[in-house]
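Trainee: return atomic coordinates for the entry below.
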Amino acid sequence: MAINYSSTRGGENNVTASMAILKGLAADGGLFMPDHIPVLDCSLEELSHKTYQEVAYAVMKQFLTDFTEEELKTCIERAYDSKFDTEEIAPLVKADGAYYLELFHGSTIAFKDMALSILPHLMTVSAKKNHAENTIVILTATSGDTGKAAMAGFADVEGTRIIVFYPKDGVSRVQELQMLTQKGANTSVVGISGNFDDAQSGVKKIFGDKEFAKELAGRGYQLSSANSINIGRLVPQVVYYVYAYAKLLENGEIENGEKINVTVPTGNFGNILAAYFAKQMGVPIDKLICASNDNKVLYDFFKTGVYDKNRPFILTSSPSMDILISSNLERLIYLSTGCDAEETKKRMEELSKDGKYSVTGEMRARMADFVGGYADQAANAAEIKRLYDETGYMIDTHTGVASCVYHNYVKETGDTKKTVIASTASPYKFSRSVMEAIFGSEEGKGEFELIDEMEKASGVKIPQAIEEIRKAEIRHNRQCKPEEMEKTVSEILQ
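Mentor: All right, here's what the predicted structure looks like:
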């Protein structure tokens, strides 16, 4: 059955999957949503004997109905290949009673690789299907990981350019070096003097500028996005939650049909929304535990029903979650209104105007699967240390937030269902914060000195992605103010 896509704000309807992927964001500023969430057409029992690639096909063919079997299978094969350093693509590690779903075995050692390895392939097929003549310019804001993963995916892909904006002082040194050393004649990186929300708002503003779009089209360019606002990023993320359940089943860790909980460290809300989609597809997930850091705008939202971004922006040791405008929440708002685009649009206009909006009791009831929790800096560091001291397992600062929130949830509720924790980045990406959490102050030590010590302490080999940046030359050094972003895009595309 064909699935079409519509904007959460009502301005575009009945768009094919390939067109939604190509556009990234709807013309009215809304996000594309499928006209219904499809149900898996095979049992989890059947999927439990399949590879990651086979599970990916089973899930993605349901959403991307205008792709042929051959097109989709080719995209999957090219994406999930030897650039992942484990055969399973997303291994599950059991530690301290929970199951850590390691989503960081791709080429940039963060979970963004899971979707951004396939997006360039989906994008080029979509361009062909829709006879797009123009060069596709991928415009992306990053809180640290998306940028690198998107550039790695799109580097030297024919018919594309990619421009990434990141907060100059809001990412870890390893994250920054990964971006600044990125090769590829079609890649550009710009540090902005602002935070992630400034970068994200700037990118959305550029997408909304019709005149600029016209000017670019005249120069042979069309804009698209690699952020999780693009449905082509969200759909591949659904896969690993389906896969995790299937693997737990295969390994005899759960009975068929047994409900599990899922805990996700989240900022932009895409990763946990993907787990919600997996639940709607038929995976027996009970609670979706949404873990926030000190920027706990989502925690407050699930607690009160009011989304309010009017608060100080806090820079933390888990920078990929330092976000006050969670773009993907718009998709959940849309679902909670019964897919009422007018109601959704009204709230997004309030957010834009007043920085806040509230939801009705009925909408909250429809979001009852979600539970919010948060861990501040100290609690996060303590959890990283506790887990390492007790089990020898080392996690990064984002997974630390999730692990802490999960344990607090169990204490508060007594809910002991088996739980998958999304482990979203390698500890090597945040070596200083992780090493200081476990061993105390590491002042005076260089980034790579700490990385070498981490290898000894963790027993995990230094990933290729880190070795690559050790001696790589800096290729990008452009910077701008948030208000100069559009002008910067125009200059880069000269």
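Trainee: what about Val174, how many neighbours?
Mentor: 24 (other Cβ atoms under 10 Å). To be clear about C-beta, it is placed using only N, CA and C from the backbone, and glycine gets the same treatment.
Trainee: what's it in contact with, if anything?
Mentor: 428-431, 447, 466, 469 (Cβ atoms under 8 Å, 6 or more residues apart in numbering).
Trainee: buried residues, the helix or strand in which it is found. List them.
Mentor: Element membership for Val174, per DSSP states H and E: helix 173-180. Within helix 173-180, the residues that qualify as buried are 174-180, counting by 16 or more other Cβ atoms under 10 Å.
Trainee: and if you look at stretch 226-240?
Mentor: Quick answer for stretch 226-240 (16+ other Cβ under 10 Å): 226-240.
Trainee: wait, Ser423 touches Val401, no?
Mentor: No - contact status for Ser423 versus Val401: not in contact, 11.2 Å apart, counting by Cβ atoms under 8 Å.
Trainee: neighbour count winner among the two?
Mentor: Val401 (33 against 29).
Trainee: can you list the weak-confidence ranges in the stretch 201-350 of the chain?
Mentor: Filtered on pLDDT under 70, the stretch 201-350 of the chain yields no residues whatsoever.
Trainee: what about the helices in it?
Mentor: 210-218, 231-250, 270-280, 297-304, 329-336, 341-354 (DSSP state H, counting those that start in this stretch).
Trainee: of all these, which lies closest to Val489?
Mentor: With Cβ to Cβ, the closest approach to Val489 among the helices of the stretch 201-350 of the chain belongs to helix 210-218: 8.2 Å.
Trainee: quick one: list the elements packing against the closest one.
Mentor: strand 221-224, helix 485-492 (3 or more Cβ pairs under 8 Å, 6 or more residues apart in numbering; DSSP states H and E).
Trainee: returning to that earlier point: any chance of a markdown table for the buried residues of helix 173-180, columns pLDDT and distance to Asn14?
Mentor: Shown next, in a markdown table, are these (pLDDT from 0 to 100; distance: Cβ to Cβ, whole Å):
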| residue | pLDDT | distance to Asn14 |
| --- | --- | --- |
| Val174 | 92 | 44 |
| Gln175 | 92 | 39 |
| Glu176 | 94 | 42 |
| Leu177 | 94 | 44 |
| Gln178 | 94 | 39 |
| Met179 | 96 | 37 |
| Leu180 | 96 | 42 |
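Trainee: just the closest of those residues to Phe313, please.
Mentor: Out of the buried residues of helix 173-180, the member with the shortest distance to Phe313 (by Cβ to Cβ) is Gln175, at 17.7 Å.
Trainee: in this structure the closest one contacts Thr146, no?
Mentor: No - with contact defined as Cβ under 8 Å, Gln175 does not reach Thr146; the gap is 10.3 Å.
Trainee: put together JSON lines for the buried residues of helix 173-180, with distance to Leu273 on each row.
Mentor: Below are those laid out as JSON lines (distance: Cβ to Cβ, whole Å):
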{"residue": "Val174", "distance to Leu273": "27"}
{"residue": "Gln175", "distance to Leu273": "23"}
{"residue": "Glu176", "distance to Leu273": "27"}
{"residue": "Leu177", "distance to Leu273": "30"}
{"residue": "Gln178", "distance to Leu273": "25"}
{"residue": "Met179", "distance to Leu273": "25"}
{"residue": "Leu180", "distance to Leu273": "30"}
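Trainee: and those, which is closest to Lys456?
Mentor: Val174 (17.8 Å).
Trainee: how close does that closest one get to Leu180?
Mentor: Relative to Leu180, Val174 is positioned 11 Å away (criterion: Cβ to Cβ, to the nearest Å).
Trainee: again, but for Ile421
Mentor: From Ile421 over to Leu180 (counting by Cβ to Cβ), the distance is 31 Å.
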